[in-house]
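Enquirer: structure for the following, please:
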Amino acid sequence: MKILVLGGTQFVGRAMAQAVLDRGHELTLFNRGKTAGDLFPAAEKLVGDRDGGLDALDGQSWDAVIDACGYYPRLVKDSALKLKDAVKTYAFVSTISVFSDTSAPGITESSPMSRDVGDGKEEFTGEKYGPFKVLCEDEVQAVFPSNHLIIRPGLVTGPNDHTNRFGYWPARIAKGGDVLVPGKPERALQHIDARDLAAFTLHCLENNILGDFNATGPATVQTMADVVAASIEASGASADPVYVDEAFLLENEVQPWSELPFWIPESSTDTAGLFQLNVQKAVDAGLTFRPLIETVRDALAYENERAQAADFHNWANNLAPEKEKALLEKWANR
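Expert: This next block holds a predicted model:
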């Protein structure tokens, strides 16, 4: 197959591009040429801009396009219209944040979605992220009504994650000592390795599997204790997890998700379903998951690479070590 990837040099897009090559397909990348230009020397590279600079796409055709960097409906519409007669299938990477009610487990592909972007301004905020993605999906489906693939990942994990959302845990645990872990050990989690996400997307394109899919996992219940145990195994560090009550953390102004990744407080009843989506449709269609230890090991290796160029504790999405130490002391003396 000839496959065009929009983006293709960071995290999810990079995993998609690598999967295209690994599975023996012909890869074309379209991006601004500003990030990791030395990646994928075997690929054809088209330089342009989604905002008014799509001319490099003229005069060619592909079997499919994977849109891994569509966030604004206007720009996704422009790309879809430009490629209307140039690709057979449009695959769009969306998000589970499209759903309007995440208060209960069991969200399926047909659950209600929110298109409310408030003031309607084209500016990226956390509140607009989901609704913008819904409107992006609408644009894809309008132009490709019978030949679209919508992939809705949950939290994406694995190597090359520049956000440090998941990598915090193996990197922190590798440092050893007492490690502050939020909530209960048995708290359920869902996530998907970017490489599994890419493999599923390519599997769908190769087999003409179309429609929309919740793509997160794993297929069986995974807990915070599982992530901690895998992180200890991956690093071999002498680390002792200290599970701290969520109410205590909130009282002490610890920020869920940003300071302690993977933490959505159980008291946040409006988001209780975000780690308990129904992914059976995707599993039935061929979604598979690699062992957790593989994701953790590779994420740790990537974090160690990053640490050669920057201090770990200056990166986003982590609890400062001095704050962690103070919280652990306060928790022990409560």
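Enquirer: for S61, give me phi and psi.
Expert: Per-residue torsions, S61: phi -140, psi 150 (degrees, to the nearest 10).
Enquirer: so who does it touch?
Expert: 2, 86-87 (Cβ atoms under 8 Å, 6 or more residues apart in numbering). Every C-beta, even on glycine, is put in place using the N, C-alpha and C of the backbone.
Enquirer: so which of those residues wins on neighbours?
Expert: V87 (23 neighbours; other Cβ atoms under 10 Å).
Enquirer: wait, it sits on Q60?
Expert: No: contact criterion Cβ atoms under 8 Å: V87 and Q60 do not qualify, at 9.6 Å.
Enquirer: distance check, V244 against E324.
Expert: From V244 across to E324, the span is 10 Å (Cβ to Cβ, to the nearest Å).
Enquirer: shared neighbours of these two, anything?
Expert: L180.
Enquirer: mind listing the strands for this protein?
Expert: Counting by DSSP state E, the chain has strands at residues 2-6, 26-31, 44-47, 62-67, 87-93, 148-153, 156-157, 177-182, 188-193, 211-215, 217-223, 239-244.
Enquirer: tell me the strands beside the shortest one, with direction?
Expert: Spelled out, that is strand 156-157. The pairing partners recorded for strand 156-157 under DSSP bridges are strand 188-193 (parallel).
Enquirer: next one: the fifth one
Expert: The strands beside strand 87-93 in its sheet (DSSP bridges) come out as strand 62-67 (parallel), strand 148-153 (parallel).
Enquirer: list of residues touching that strand?
Expert: Outside strand 87-93, the residues that touch it by Cβ under 8 Å, 6+ apart are 4, 12, 16, 61-68, 70, 76, 80, 83, 136-137, 140, 143-144, 147-151, 153, 197, 201, 204-205, 208, 210.
Enquirer: what sits against the residue lying closest to G286 once chain neighbours are set aside?
Expert: Using Cβ to Cβ, 6 or more residues apart in numbering and skipping residues adjacent in sequence, the residue nearest G286 is H203, 4.8 Å away. When contacts are counted by Cβ under 8 Å, 6+ apart, H203 touches 209, 285-287.
Enquirer: of those, which is the nearest to S235?
Expert: Nearest to S235 out of the contacts of H203 is L287 (Cβ to Cβ; 28.4 Å).
Enquirer: what about that closest one, how many neighbours?
Expert: 26.
Enquirer: do the same with A320
Expert: 11.
Enquirer: and the angle for the helix or strand of the chain with the lowest mean pLDDT with strand 188-193?
Expert: Within the chain, no helix or strand scores below strand 217-223, which has a mean of 90 by mean pLDDT, DSSP states H and E. Taking axes from the mean of the first three to the mean of the last three Cα atoms, to 10 degrees, one finds that strand 217-223 is oriented at 140 degrees with respect to strand 188-193.
Enquirer: for strand 217-223, which strands pair with it and how are they oriented?
Expert: In the sheet, strand 217-223 lines up with strand 188-193 (antiparallel) (DSSP bridges).
Enquirer: about what we covered before: could you flag which of the contacts of H203 are buried?
Expert: Buried members of those, scored by 16 or more other Cβ atoms under 10 Å, are 209, 285, 287.
Enquirer: what's near enough to touch the second one?
Expert: Remark: with contacts taken as Cβ under 8 Å, 6+ apart, A285 is in contact with 200, 203-204, 209, 213.
Enquirer: of these, which pair is most distant in space?
Expert: Among the contacts of A285, H203 and F213 lie farthest apart (Cβ to Cβ), at 10.8 Å.
Enquirer: which one's the longest helix in the protein?
Expert: helix 126-143 (DSSP state H).
Enquirer: for it, list every residue counted as buried.
Expert: For helix 126-143, by 16+ other Cβ under 10 Å, it's 128, 130-137, 139-141, 143.
Enquirer: now swap in stretch 214-223 and tell me
Expert: So for stretch 214-223, counting by 16+ other Cβ under 10 Å, buried means 214-218, 222.
Enquirer: can you redo these as CSV with distance to Q190?
Expert: Output for the buried residues of stretch 214-223, formatted as CSV (distance: Cβ to Cβ, whole Å):
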residue, distance to Q190
N214, 10
A215, 10
T216, 5
G217, 6
P218, 8
Q222, 7
